[in-house]
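Chemist: Take this sequence and fold it.
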Amino acid sequence: MSRFDCFDTPINQLKIIQRKPIEDSRGFLSRFYCAEEFKAFGFNKAIQQINHTLTRQKGAVRGLHYQHPPFAETKLVSCIKGEIFDIAVDIRKNSPTFLHWHGEILSEHNQRSLLIPEGFAHGFQTLTEDCELIYLHTAPYNQASEGALNILDKAINVQWPIDIKDLSERDRNHPMLQQDFQGLTL
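Modeler: Okay, here's the model as predicted:
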């Protein structure tokens, strides 16, 4: 029996993973990842890194981060406490959905994850206080390969669901896209 359902988004290869917990009077068991099942969803590389984050303030935004090849990564993002608006922006060169974004509510209650393939920038906004996330990555973080988009870039026009209350200096200063930005070649 599968512990997951996988749903397509309007952007090719970007997937919503619905965990199917087993519950009883004691609580539940929720599987976050299974290499065998995730192969069918396009998650074919080994996990190289797992990160756990805490964002304290409601309305905070983190992102929009990505890594250049050869450190481009597939990410599985899950919210284990609180609720977030999680987004992925397609920055794959020559993609028919280049610079399109898709957002999903991820929460401790809805048991959803966003499966983000290589060639996407990722970010999120907290919709509650004290949000905790778990990220599975197929590549280790490499500072020299890091890239980012500005969360307020009008070329992307992300519709954040609530007012932005907190943004790091680093994320605030990411450059706006230039007309010659062609995306990532994977």
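Chemist: Export the host helix or strand of residue 53 to CSV, keeping only CA atoms.
Modeler: Using DSSP states H and E, residue 53 maps to strand 49-55. What follows is strand 49-55 as a C-alpha-only set of coordinates in CSV (Å, rounded to 0.1, in the frame of the first residue of the first chain):
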residue,chain,number,x,y,z
GLN,A,49,21.5,16.6,2.8
ILE,A,50,18.6,17.1,5.2
ASN,A,51,17.9,20.6,6.7
HIS,A,52,15.5,21.6,9.5
THR,A,53,14.5,25.3,9.8
LEU,A,54,12.6,27.4,12.3
THR,A,55,11.1,30.7,11.3
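Chemist: Give the buried residues for it.
Modeler: By neighbour count with 16 or more other CB atoms under 10 Å, strand 49-55 contains the buried residues residue 55. In this view, the C-beta of every residue, glycine as well, is placed from N, C-alpha and C.
Chemist: List the strands paired with the helix or strand following it, with their directions.
Modeler: Using DSSP H and E, the next helix or strand after strand 49-55 towards the C-terminus is strand 60-67. Strand pairing for strand 60-67, using DSSP bridges, gives strand 120-126 (antiparallel), strand 146-148 (antiparallel), strand 166-167 (parallel).
Chemist: Name the residues that touch strand 60-67?
Modeler: For strand 60-67, contacts defined as CB atoms under 8 Å, 6 or more residues apart in numbering pick out 53, 55, 72-73, 87, 89, 91, 119-126, 139, 141-142, 145-151, 156, 158, 160, 164-168, 171, 174, 184.
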